[in-house]
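Enquirer: The sequence isn't on hand, but the structure is:
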């Protein structure tokens, strides 16, 4: 919302950003305001390089593996975290068998070396996967 004409560019930029994020989300239909973006609001800043560096730090090995092997481990991880670690819900969302999900999560653990039950790892990975989606999945690992 803007109260003065001078605020229109900011308001328009926030509205288009909210629309863009909503269209890339798992639920692209409906209305979403910039103020309702939650953690994605803090990812909306002028320092895109810092956000890309964060994504690369936490997801770089997985992104590289996905590119090299043509897999979707980052997408699997994103769904798993969005489903709160619930295997059945995640498998249903991905349209895969629960044992396939377990295999993929083990590959993710092996590739990243991270414990997915550690709360700090889960938080950082969740924010990184959300940022990756906001960046349109275009973050490539650093050479």
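Expert: Received, thanks. All figures in this text were calculated on a predicted structure; none of them were measured in a lab.

Enquirer: mind pulling up the phi and psi values for residue 71?
Expert: Dihedral pair for residue 71: phi -110, psi 180, per degrees, to the nearest 10.

Enquirer: quick one, what contacts it?
Expert: Residues in contact with residue 71, defined by CB atoms under 8 Å, 6 or more residues apart in numbering, are 65, 107. The way it works is simple: take the backbone N, C-alpha and C, and place the C-beta from them, glycine included.

Enquirer: isn't residue 122 right next to residue 81, touching?
Expert: Yes: using CB atoms under 8 Å, residue 122 is in contact with residue 81, at 6.5 Å.

Enquirer: pretty sure residue 1 is touching residue 11, no?
Expert: Yes: at 6.4 Å, residue 1 and residue 11 qualify as touching, with contact defined as CB under 8 Å.

Enquirer: Looking at these two, which has the bigger crowd around it?
Expert: residue 11 (14 against 9; other CB atoms under 10 Å).

Enquirer: what about the more buried one, helix or strand, and which?
Expert: helix 8-24 (DSSP states H and E).

Enquirer: just so I have it, where are all the helices in this structure?
Expert: 8-24, 39-42, 48-69, 73-82, 87-94, 98-112, 119-134 (DSSP state H).

Enquirer: Lowest mean pLDDT across those, which one is that?
Expert: Among these, helix 39-42 has the lowest mean pLDDT, at a mean of 69.

Enquirer: what's near enough to touch the closest residue in space to residue 88 that isn't next to it in sequence?
Expert: Excluding its sequence neighbours, the residue lying closest to residue 88 (CB to CB, 6 or more residues apart in numbering) is residue 98, at 6.6 Å. Residues in contact with residue 98 (CB under 8 Å, 6+ apart) are 87-88, 91.

Enquirer: between those, which is closest to residue 22?
Expert: Nearest to residue 22 among those: residue 91, at 25.5 Å, using CB to CB.
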